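*Asks:* sequence first, predicted model second:
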2 protein chains.
Amino acid sequence: MAGVTPKTVSRALNDAPHVSKAVRQKVKEAAAELDYLPNLAAQSLIARRSYLIGLTYERPSPSYVVDLQNGALGRLEDGRYRLVVLPFAHVASRPDELGRLLLRAGLDGVLLAPPACDQPVLLDMLERHKLPFGRITPHSELDRGIVVTMDEAAAGHAVAAHLLSLGHRRIGIILGDPSHAASVGRMEGYRRAFGDAGATIDERLMVTGDFTYDVGYSAARELLGLAPRPTAILAQNDDMAAAAIAAARDLGLAVPGDLSVAGFDNSEVSRTAWPQITTINQPVRQMAWDAADRLIAALDGKSDVPGPKRRDHAHELLVRASTAPPPD
Amino acid sequence: MAGVTPKTVSRALNDAPHVSKAVRQKVKEAAAELDYLPNLAAQSLIARRSYLIGLTYERPSPSYVVDLQNGALGRLEDGRYRLVVLPFAHVASRPDELGRLLLRAGLDGVLLAPPACDQPVLLDMLERHKLPFGRITPHSELDRGIVVTMDEAAAGHAVAAHLLSLGHRRIGIILGDPSHAASVGRMEGYRRAFGDAGATIDERLMVTGDFTYDVGYSAARELLGLAPRPTAILAQNDDMAAAAIAAARDLGLAVPGDLSVAGFDNSEVSRTAWPQITTINQPVRQMAWDAADRLIAALDGKSDVPGPKRRDHAHELLVRASTAPPPD
DNA sequence: CGAGAATCGGTAAACGTTGACATAAAACTA
DNA sequence: TAGTTTTATGTCAACGTTTACCGATTCTCG
């Protein structure tokens, strides 16, 4: 590009003023010809931003992870920002390590899924280093950072109320990982629903799982071995609900004829299971989109007009084929 | 850090020589104290690398995506490189667009899952711009770039031979998306297996799907509506196999009593379905790990010692509860 | 036609780090 | 002790852009 300074090239490609149409055109053609692409590191250096957004999660369920990612990516799709995935196991036991990982990743901002979004130590670190963050369905300290929530207790209430309204009273409960605040919130909703129905929760019918299929299976076997057997099982996610269905079938029980099963999350497995599982749709995609949207707005300095830093999304009870009135 | 030049700080933190122990110690303490982190953009600028690895995929199946990611991340876990996810729909119809996306993302290297890994136009672009790439299970031009493969035809042979050896002869086939070369390779294996068993494929029992549950369901309904009904269904992935099981049940057929079903991929759904689905384990995680490993070796200039650029991984037939001899 | 404004192109400096090289100090060697 | 090597520290420039600023040219309008 003889006789043209880098400055002029920059101006031409960025559609900045002070360049004649002729030169701009010539530069653009030459750039295309030579496969020229501006160096992102140099741009980052001067702009003091990396145009990288991080996403950290722990939950193993593939469909949850993919929903999160797709939601965030949907908002990033113009290609200006890029999404870096940073899964991290056992946040609860070493939040500072995750903090260091995130801070060293050179991000402009980060999206935190549960349970990382509820780690005060982590939030402290991010705030101290002024790394903006969006929290997806946190359960505590809702005034810190950008927050996107769903009322887990209300959702838990809805699914429990559904079983109760069908007439079930002996209802087994398979809890998720107790270190996830979601587990607590959902349980709270279950309790309220039982109270509203004038029923009481039999603590002997509560088993702690960890959101995985395998542990869910053992938990279900345990519940189904009790006498009298529960007529329904409330699982705190769909993987465990699918496991409960498999356990019932392995014992020769029909679902929902002998046992109703309800899950939580509207994950892939709830649709591919047979019968399809009654569950709660958590709008994970939308929430991730929303969190990314507001995070980027903040990064781009448009946060003057944003409205509330917190936004709530509605759950949805999906009644499918795995629940029915109790036998007799 | 009075009286110490940036150069010295750089040397101290990078454990470079020419720094006294005392100064190094002091610098490190001060860095920790002040929460100092070197600017990655500046480092990238001078090193001429971004320490970003891209991962592009199209297949919608969540467990496949997560396996890919986790495999690659497993190799990247020291935190030196970061993983950027760049899903892209319909590569076949606009490979150049994906190419531009990848080239503009400022990556040091990129991992290509099917079907992107089989797009010559894309490979041309990447080679022209000297962006190193690792291809996960490509089916053509196996001499370009870093290649990690599995013998899809052999795997297809194995699963088809399993059904044939159980005595099935009327076998329905649900194909995946024909634009994925995997679909072709698997089909080739099915054909060989039929040939080896002295059986022939009834083309009327072949239906084209697209690897998704919903289309798989319709395809299965179509097959099961034929008379005489097939006694087994070979689905080209697990999502479609799960759909076939659901379709059978909705018609009142028992699996595997009335109908055997086999899938492909050993994805989550093959384990959470009931009965668990006979399938092929594609070592997606290991392949992604391997591709990342060799890509990074190439980036780090260790490619002098690498051995062959191509590596094959073995499939594994997992016989589970969804297959049995045909009725009567 | 001339004053002021808008437009065009260019130069210098900066972003934060590291490589190459120079100098100063300390540690050995004979 | 003088000479020589080793170690420590510092200076300069460079990576590839963009921002700030400056002069030169062209346009506008009284």
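*Replies:* That came through, no problem. If you're wondering where the values come from, they're calculated on a predicted model, not measured in any experiment. Residues are numbered from 1 along each chain as shown, chains lettered A, B, ... in the order given.

*Asks:* near DNA strand D, which residues of chain A?
*Replies:* Taking Cβ under 7 Å from any atom of the strand, the part of chain A that reaches DNA strand D is made up of A:6-7, A:10-11, A:13-14, A:16, A:18, A:36-39, A:42-43, A:45-47. Yep, even glycine has a C-beta here, placed from its N, CA and C like the rest.

*Asks:* Produce a ChimeraX select command limited to the buried residues of those residues.
*Replies:* Selecting only the buried entries of the residues of chain A next to DNA strand D in ChimeraX, with 16 or more other Cβ atoms under 10 Å in any protein chain shown as the criterion:
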select /A:11,13,43,45
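
*Asks:* sitting in helices, which of the residues of chain A next to DNA strand D do you find?
*Replies:* A:Pro6, A:Lys7, A:Ser10, A:Arg11, A:Leu13, A:Ala42, A:Gln43, A:Leu45, A:Ile46, A:Ala47 (DSSP state H).

*Asks:* between which two of those is the distance greatest?
*Replies:* Within these, two members stand farthest from each other by Cβ to Cβ: A:Arg11 and A:Leu45, at 18.6 Å.

*Asks:* how many other residues sit next to the nearest residue to A:Thr56 once chain neighbours are set aside?
*Replies:* Spatial nearest neighbour of A:Thr56, excluding adjacent residues (Cβ to Cβ, 6 or more residues apart in numbering or on different chains): A:Leu86 at 4.6 Å. Using other Cβ atoms under 10 Å in any protein chain shown as the criterion, A:Leu86 is surrounded by 20 other residues.

*Asks:* is it true that A:Leu86 touches A:Ile53?
*Replies:* No - with contacts defined as Cβ atoms under 8 Å, A:Leu86 does not count as touching A:Ile53, sitting 10.6 Å away.

*Asks:* the ones in helices among the residues of chain A next to DNA strand D also near chain B: which ones?
*Replies:* Judged by Cβ under 8 Å from any Cβ of the partner chain, the overlap between those and the neighbourhood of chain B comprises A:Ala42, A:Leu45.

*Asks:* and of the ones in helices among the residues of chain A next to DNA strand D, the nearest to B:Leu253?
*Replies:* Proximity of those to B:Leu253, judged by Cβ to Cβ, is greatest for A:Gln43, which lies at 60.6 Å.

*Asks:* what does the pLDDT read for the closest one?
*Replies:* The model reports A:Gln43 with a pLDDT of 93.

*Asks:* tell me the contacts of it?
*Replies:* The contact partners of A:Gln43, taken as Cβ atoms under 8 Å, 6 or more residues apart in numbering or on different chains, number zero.

*Asks:* what sits against the residue of the stretch 101-250 of chain A found nearest DNA strand C?
*Replies:* Per Cβ to the nearest atom of the strand, A:Gly106 is where the stretch 101-250 of chain A lies closest to DNA strand C, at 10.7 Å. The contact partners of A:Gly106, by Cβ under 8 Å, 6+ apart, come to A:Ser50, A:Leu52, B:Leu40, B:Ala41, B:Arg82.

*Asks:* pretty sure it sits in a strand.
*Replies:* No - A:Gly106 sits outside any strand when classified using DSSP: H, G, I helix; E, B strand; the rest coil, being coil.

*Asks:* which phi and psi does it have?
*Replies:* Its backbone dihedrals place A:Gly106 at phi 70, psi 40, with angles given as degrees, to the nearest 10.

*Asks:* relative to A:Ile136, how far out is it?
*Replies:* 22 Å (Cβ to Cβ, to the nearest Å).

*Asks:* now do A:Gly252
*Replies:* According to Cβ to Cβ, A:Gly252 and A:Ile136 sit 41 Å apart.

*Asks:* with neighbour numbers in mind, choose between these two.
*Replies:* A:Ile136 (27 against 7).

*Asks:* if we can go back for a sec, tell me which two of the contacts of A:Gly106 sit farthest apart.
*Replies:* The farthest-apart pair in the contacts of A:Gly106, when distances are taken by Cβ to Cβ, is B:Ala41 and B:Arg82, at 13.3 Å.

*Asks:* those two: who's more crowded?
*Replies:* Here B:Ala41 and B:Arg82 are compared on neighbour count by other Cβ under 10 Å; more neighbours surround B:Arg82, at 24 against 20.

*Asks:* what bridges to that one?
*Replies:* Here B:Arg82 shows beta-bridge partners B:Leu52, assigned using DSSP bridges.

*Asks:* who's in contact with it?
*Replies:* When contacts are counted by Cβ under 8 Å, 6+ apart, B:Arg82 touches A:Leu52, A:Val84, A:Leu86, A:Ala105, A:Gly106, B:Tyr51, B:Leu52, B:Ile53, B:Leu76.

*Asks:* any idea where the helices of chain A begin and end?
*Replies:* Under the criterion DSSP H, chain A carries helices at the ranges A:6-13, A:21-33, A:40-47, A:62-76, A:95-104, A:120-128, A:152-165, A:181-196, A:213-224, A:238-250, A:268-272, A:284-299.

*Asks:* hang on, the earlier thing: any idea how far the residue nearest to A:Thr56 lies from A:Ala241?
*Replies:* From A:Leu86 to A:Ala241 the distance is 29 Å (Cβ to Cβ).

*Asks:* pLDDT weak spots in chain A?
*Replies:* Segments of chain A classed as low confidence (criterion: pLDDT under 70) are A:1-5, A:7, A:16-17, A:19-20, A:23, A:302-309.

*Asks:* can we see that at 80?
*Replies:* Residue ranges of chain A with pLDDT under 80: A:1-35, A:59-61, A:77, A:301-311.

*Asks:* taking it, what residue is nearest to DNA strand D?
*Replies:* For chain A, the nearest residue to DNA strand D under the criterion Cβ to the nearest atom of the strand is A:Ser10, separated by 2.6 Å.

*Asks:* for stretch A:39-59, how far is the first residue from the last?
*Replies:* Distance between the boundary residues of stretch A:39-59 (Cα to Cα, to the nearest Å) amounts to 36 Å.

*Asks:* interface residues of the stretch 151-300 of chain A facing chain B?
*Replies:* Counting by Cβ under 8 Å from any Cβ, the residues of the stretch 151-300 of chain A close to chain B are A:213, A:239, A:242-243, A:245-246, A:249, A:268-269, A:271-274.

*Asks:* pick out the most distant pair among those.
*Replies:* That would be A:Arg249 and A:Glu268, which, of those, are the farthest apart (Cβ to Cβ) at 19.7 Å.

*Asks:* of those two, which one has the most company?
*Replies:* Comparing A:Arg249 with A:Glu268 by neighbour count (other Cβ under 10 Å), the higher total belongs to A:Glu268, at 27 against 15.
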